[in-house]
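**Q** need a 3D model of the sequence below.
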Amino acid sequence: MLKKMTVSVMLLAVLGNLAWSSNAKANFNGKLTVEIDGLKNQNGQICVSIFASSQGFPSDRKRVLKSQCSPIGETPLKVSFDSLKAGSYAVAVVHDQNSDRTLNRNNLGIPIEGFGFSRNPEVRTKAPNFSEAAFVLAGPDTSIQIQLKYL
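**A** Purely as a prediction, here's the structure:
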């Protein structure tokens, strides 16, 4: 009888711990700091967009979870976002030199302003997909570094 009761108490403790863990994850809010380096000049601003899924990544403004444009000061430039739930995200950055909040392109469609993505994937003929730029936010403070590219 005592053995059954001990096993029952242990089972309840384990189940309670699992329930607390999943509840803690659901209530988790973390901070993401994006460090941006490789600026060609200090004209304009840096615009950072966070995506929580592949839909719209990297340029559909309607699908952005959070975004922020900041004037360029000291480099590397740091931009922070608070209250992000645990999960997978991808970040797109634009060096918006003329402050129009758009990645400007030439007549051939080639970007004429700097850009970058989380995990710094190789960019050849097109922007990376979400999975190439995705990272996991799981702690209270997460920092990523993005190196801008200019074509």
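
**Q** for the spatially closest residue to residue 110 that is not a sequence neighbour, what are its contacts?
**A** Nearest non-adjacent residue to residue 110, counting by Cβ to Cβ, 6 or more residues apart in numbering: residue 151, 5.5 Å away. Glycine gets a C-beta too; all of them are placed from N, C-alpha and C. Residues near residue 151 by Cβ atoms under 8 Å, 6 or more residues apart in numbering: 110, 111, 112.

**Q** can you get me a residue count around residue 32?
**A** 22 (other Cβ atoms under 10 Å).

**Q** pretty sure it sits in a strand.
**A** Yes. Assigned with DSSP: H, G, I helix; E, B strand; the rest coil, residue 32 falls within a strand.

**Q** returning to that earlier point: can you redo the contacts of residue 151 as JSON lines with pLDDT and distance to residue 88?
**A** Listed next are the contacts of residue 151 as JSON lines, based on pLDDT from 0 to 100; distance: Cβ to Cβ, whole Å:
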{"residue": "110", "pLDDT": "94", "distance to residue 88": "29"}
{"residue": "111", "pLDDT": "96", "distance to residue 88": "25"}
{"residue": "112", "pLDDT": "97", "distance to residue 88": "31"}
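
**Q** out of those residues, who's nearest residue 132?
**A** residue 111 (17.2 Å; Cβ to Cβ).

**Q** isn't that closest one right up against residue 96?
**A** No. Residue 111 lies out of contact with residue 96 (Cβ atoms under 8 Å); the separation is 11.3 Å.

**Q** in this structure, which spans are strands?
**A** 30-37, 45-51, 66-71, 77-84, 87-96, 114-117, 135-137, 141-147 (DSSP state E).
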